[in-house]
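J.: Generate coordinates for the sequence data below:
(2 chains)
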Number of protein chains: 2
Amino acid sequence: MSEIIPHWLQKQASVSPERLALETPEGTKMTFRDLHEAVDASACRLASLGVRRGSRVAVLSHNSVEMVVLVHALSYIGATLILLNTRLTVAEWSFQLQDSEAELLLAAAKYEQQAKATPVALQTIEMLHEQPPQEYTCCTELRLDDVFSIIYTSGTTGNPKGVAHTYGNHWWSAIGSALNLGLSQEDKWLSPLPMFHVGGLSTIFKSAIYGMPLYVTQGFDEEIVQTAITKHGVTIVSVVTVMLQRLLRLQEKDGITYPDTFRCMLLGGGPAPLHLLEEAKTNAIPVFQSYGMTETASQIVTLSPEDSIRKLGSAGKALVPAQLRIMTSTGLAKPDEAGEIQVKGPMITKGYYRNPEATGAAFQEGWLATGDIGYTDREGYLYVLDRRKDLIISGGENIYPAEVEGVLASHPAINEAAVIGQTDTQWGAVPVAFLVKDKEISIEDLQAYCQERLARYKIPKYWHWVDGLPRNASNKLMRYKLQQKLEEGNA
Amino acid sequence: MSEIIPHWLQKQASVSPERLALETPEGTKMTFRDLHEAVDASACRLASLGVRRGSRVAVLSHNSVEMVVLVHALSYIGATLILLNTRLTVAEWSFQLQDSEAELLLAAAKYEQQAKATPVALQTIEMLHEQPPQEYTCCTELRLDDVFSIIYTSGTTGNPKGVAHTYGNHWWSAIGSALNLGLSQEDKWLSPLPMFHVGGLSTIFKSAIYGMPLYVTQGFDEEIVQTAITKHGVTIVSVVTVMLQRLLRLQEKDGITYPDTFRCMLLGGGPAPLHLLEEAKTNAIPVFQSYGMTETASQIVTLSPEDSIRKLGSAGKALVPAQLRIMTSTGLAKPDEAGEIQVKGPMITKGYYRNPEATGAAFQEGWLATGDIGYTDREGYLYVLDRRKDLIISGGENIYPAEVEGVLASHPAINEAAVIGQTDTQWGAVPVAFLVKDKEISIEDLQAYCQERLARYKIPKYWHWVDGLPRNASNKLMRYKLQQKLEEGNA
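T.: Next up is the predicted model:
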């Protein structure tokens, strides 16, 4: 039975109207009452653009107060939100807009020129206030089984899939995190992670559900984050490895320590090197390592700082409402035995948007088969050995080789292509291409070809011409052979 | 769709095995690992008594560590728990045991003699360990739509009804409370309220869900509660008015103040007199007034101490996952207009056990019609004017006049009977009877008759013989006329 709760933002505006909801480094401050009023006004403008209950509306924006307002406004109307990654190409956006059947694209002005080339009606966020307000029926309740947002994620099998999150997925994610981190009236959360990814998006809902201020920054800037912690009362920051690295560098350069009230550096987006965790410990930064993915609506496994020495390198245990198991080809793994990481819980997506085939393939008896490899020790702590064998995580962004290979192989001069990750001190990993050519073509031409079709971070940084690709008997690409070649310096 | 979560106690035993789960004034201390092991052992003993998934098992006990263990053990097996009020008579227990189709009664030894007279197989809790252990299939997951517990509550219409609580009702109640009070690793909760009432019961689940120690006392003793706060780190105490009164008296007598770490005196079970709230404020006791009932799985409306001066006498606002409205006979009430209090939210029972008629009557469009009268002010704060017109709350226990009247009128010498509440400085209110006789009978005989059939607190304290009862045109008893008579001193 789908549970019904009052709309979380309207509720908070009623219970704690004077409490701070949003703050920015530029000095903007909004209470929950202010935020509710801004959201209601924004919903009236959207209504005059024809947005109705059930409409599908895409948002293309860097982090901003306006983006937070839009996310809530779409839920006031009862529309579905599609989040576009600002770093993708027009071709990638167009695929996601068409696949999700989006009716309208709300884009920040700086993306207007490219966004115009997509096949969907466009409205810049900055000009939305010029729309005449129109009455609309405000959703005062949220039905937890209703889908609210869609975020695309690529896979091994080519085209990206839309991960559909219900209101309940976001609710349970927020509650699972609160049961793990605790809830304090003093909290203020900063997420430099993009809100078009689920990690950043989730903080918008946490703010409304907890009645907690969000410190909104356009993106990641270590100076701004450090100042927010030391001068503006930020107590929790979500980061990926490369951000933590930069914060540590800055901290050392400036010779400062964070105040005792700073209580959580939530680290996600791929495995962190041990030396970094040790360094954070030396600097008294309480790092909560975590593991999660778009499908789990942000982190689902977390390690508390109290365990971080004893279990260095572990991602921890599943949140209170979640479960974790390791499966081998013959069944449940024993402690210390590696296998596929599978997770279960009410924060996990019910499936991919209008893609029952991919949904069916992703779940086993109610468990999400992540494709990632790991093991749990005798005390049940998870160690992630490898994100899904082929996944490349570069500066917190996921790169799926199959998607990049598909673009490369579509070029008339290319016969076949393979993409793997190469360790990189700055980004964790960068993509590397191995190509078999049909005709002569320059790397520059291939790069230009990719730039039209792939986000910049997905474009291979290194290129290798080969005579053929290693394949097994069933003609399956053996990427690990290329990996070996790379590591041995024989590429 | 029913959500599935891992069993909350097993989860906590896995995530925080070393954390304190239970503590008593006598010095017992159990970690979550200890508690899990005790519960698992207890489930093995219950299994050898024939308790299976789906079995219905009643528990009759004062608060104790053993009672906490039993509550969890029944959920490990997947049985349904029926909670019996220790203050009821054999006749009242028997009705509830039969209505709920209980197969087994687990009673504390001190109730063994009376419990023997009920029509159900009996096992004393103290002797349970003598049962041989037997293997059972442990429920590692909880399906939130499944009914776990049944607590009987009387109504206007005679027989008590079994309020069925799902695992989800208890979960959402705990989460609603956490979003209101916050969650801290330093918390320790003491509930002197009986665990056979939902207010006391709910703390068992909160402990497991939050990973928070419970300070378990047999019942209410102001010395023990005060010592628990001042010497044993208790930070939250649930009380009813009469308990708060006694704590204030003791505090004044001993000339002590509570430590700053004591952060919440959660006050429920009926309206509190203003002078008491003012006195608590003077003594720096952070009183959270609350409003709730068995059907709402403990408090659903709460007033924070920060509002307690400005809104003295208000019960506050509905918890984050809950909603509140006031209905008059013509529809939604305006601000400051009195009407029936109605509530909605996922912590509210889905209905009375095998009583679709009563369930249908209690709900209107998904809202629980409480029968209580109140209004909300312009800022949305609830003021409870009167618990359901006829309800008498005596020392935190609910007395339903219809039930007492039914017993009195069943006596051959009595023609008709009416029961109302009379203000009492110690208990808040006590029941008073108005009787029309058929034959001569003494009050002593009537008292003896009641003692066999009614809990002591329900037996009228004052008796009035009258020639007839005031009734309206449709023959409905007009209790308020008797109330007027009483207040004017004409009874």
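
J.: In contact with the closest residue to A:Arg249 other than its chain neighbours, which residues?
T.: Once flanking residues are discounted, A:Arg249 sits nearest to A:Glu222: 7.5 Å by Cβ to Cβ, 6 or more residues apart in numbering or on different chains. All C-beta spots, glycine's among them, are computed from the backbone N, C-alpha and C. By Cβ atoms under 8 Å, 6 or more residues apart in numbering or on different chains, A:Glu222 lies in contact with A:243, A:246-247, A:249-250.

J.: hmm, try it at 7 Å
T.: A:246-247, A:250 (Cβ atoms under 7 Å, 6 or more residues apart in numbering or on different chains).

J.: same question, A:Pro119
T.: By Cβ under 7 Å, 6+ apart, the residues touching A:Pro119 are A:94, A:97-98.

J.: Check the gap between it and chain B for me.
T.: 34 Å (Cβ to the nearest Cβ, to the nearest Å).

J.: likewise A:Lys317?
T.: Using Cβ to the nearest Cβ, we find A:Lys317 at a distance of 5 Å from chain B.

J.: Surely that residue is within a strand?
T.: Yes: under DSSP: H, G, I helix; E, B strand; the rest coil, A:Lys317 sits within a strand.

J.: In space, what's closest to A:Thr153 - neighbours in sequence excluded?
T.: A:Thr153 sits nearest to A:Thr294 (Cβ to Cβ, 6+ apart), 4.6 Å away.

J.: Same list (the contacts of A:Glu222) but as JSON lines, adding neighbour count, pLDDT and distance to B:Leu266.
T.: What follows is the contacts of A:Glu222, written out as JSON lines (neighbours: other Cβ atoms under 10 Å in any protein chain shown; pLDDT from 0 to 100; distance: Cβ to Cβ, whole Å):
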{"residue": "A:Arg246", "neighbour count": "18", "pLDDT": "92", "distance to B:Leu266": "45"}
{"residue": "A:Leu247", "neighbour count": "24", "pLDDT": "96", "distance to B:Leu266": "40"}
{"residue": "A:Leu250", "neighbour count": "15", "pLDDT": "96", "distance to B:Leu266": "45"}
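
J.: hang on, the residue nearest to A:Thr153 packs against A:Val198?
T.: Yes: judged on Cβ atoms under 7 Å, A:Thr294 makes contact with A:Val198 at a distance of 5.1 Å.

J.: Let me know how buried A:Ser202 is, in neighbour terms.
T.: Neighbour count for A:Ser202, taken as other Cβ atoms under 10 Å in any protein chain shown: 26.

J.: does A:Leu9 sit in a helix or strand, and which one?
T.: helix A:8-15 (DSSP states H and E).

J.: what ranges of chain A fall below the confidence cut-off?
T.: Along chain A, the model assigns pLDDT under 70 to residues A:1, A:155-158, A:270-271, A:386-389, A:472-476, A:490-491.

J.: quick one: the residue nearest the centre of it and A:Asn283, what's the gap?
T.: Relative to the mean C-alpha position of chain A, the nearest C-alpha, by Cα atoms, centre = their mean, is the one of A:His197, at 3.0 Å. Using Cβ to Cβ, to the nearest Å, we find A:His197 at a distance of 26 Å from A:Asn283.

J.: Can you tell me how far A:Leu46 is from chain B?
T.: Between A:Leu46 and chain B the computed distance is 25 Å (Cβ to the nearest Cβ).

J.: again but with A:Thr86, I slipped
T.: If you go by Cβ to the nearest Cβ, the gap between A:Thr86 and chain B works out to 32 Å.

J.: quick check, that residue in a helix?
T.: No: when three-state DSSP is applied, A:Thr86 is found to be coil, with no helix at that position.

J.: Contacts only, for the residue nearest to A:Tyr210 when sequence neighbours are not counted.
T.: Spatial nearest neighbour of A:Tyr210, chain neighbours left out: A:Leu183 (6.0 Å); criterion: Cβ to Cβ, 6+ apart. The contact partners of A:Leu183, taken as Cβ under 7 Å, 6+ apart, are A:210, B:178, B:182-183.

J.: hmm, 10 Å instead?
T.: Contacts for A:Leu183 were tallied using Cβ atoms under 10 Å, 6 or more residues apart in numbering or on different chains; they are A:175, A:177, A:206, A:209-212, B:178-184, B:210.

J.: Mind checking which of those are in helices?
T.: A:175, A:177, A:206, A:209-210, B:178-181, B:210 (DSSP state H).

J.: Closest to A:Asn415 out of the residues you listed?
T.: Comparing those against A:Asn415 with Cβ to Cβ places A:Ser177 closest, at 47.7 Å.

J.: wait, does stretch A:343-358 make contact with chain B?
T.: Yes: in terms of Cβ under 10 Å from any Cβ of the partner chain, part of stretch A:343-358 sits within range of chain B, namely A:344-347, A:350.

J.: coming back round to it: quick check, the residue nearest to the centre of chain A in contact with A:Ala297.
T.: No: using Cβ atoms under 10 Å, A:His197 makes no contact with A:Ala297, being 11.1 Å away.

J.: Could you tell me which residues touch both of the two?
T.: Overlap of the contact sets of A:His197 and A:Ala297 (by Cβ under 10 Å, 6+ apart) consists of A:Ile151.

J.: Let me know the secondary structure of the nearest residue to A:Asn159 once chain neighbours are set aside.
T.: With sequence-adjacent residues excluded and distances taken as Cβ to Cβ, 6+ apart, A:Asn159 is closest to A:Phe95, at 6.9 Å. Here A:Phe95 is helix, with the state taken from three-state DSSP.

J.: between the longest helix anywhere in chain A and helix A:8-15, what angle do the directions make?
T.: What stands out as the longest helix in chain A, according to DSSP H, is helix A:32-48. Interaxial angle of helix A:32-48 relative to helix A:8-15 (axes from the mean of the first three to the mean of the last three Cα atoms, to 10 degrees): 140 degrees.

J.: just to revisit the earlier point, next one: the helix holding A:Leu9 to chain centre, how far?
T.: 26 Å (Cα atoms, centre = their mean, to the nearest Å).

J.: what element comes up after it heading to the C-terminus?
T.: Where DSSP H and E defines the elements, the next helix or strand beyond helix A:8-15 is strand A:20-23.

J.: Show me which parts of stretch A:231-238 are buried, residue by residue.
T.: Buried residues in stretch A:231-238, counted by 16 or more other Cβ atoms under 10 Å in any protein chain shown: A:233-238.

J.: and if you look at stretch A:290-306?
T.: So for stretch A:290-306, counting by 16+ other Cβ under 10 Å, buried means A:290-305.
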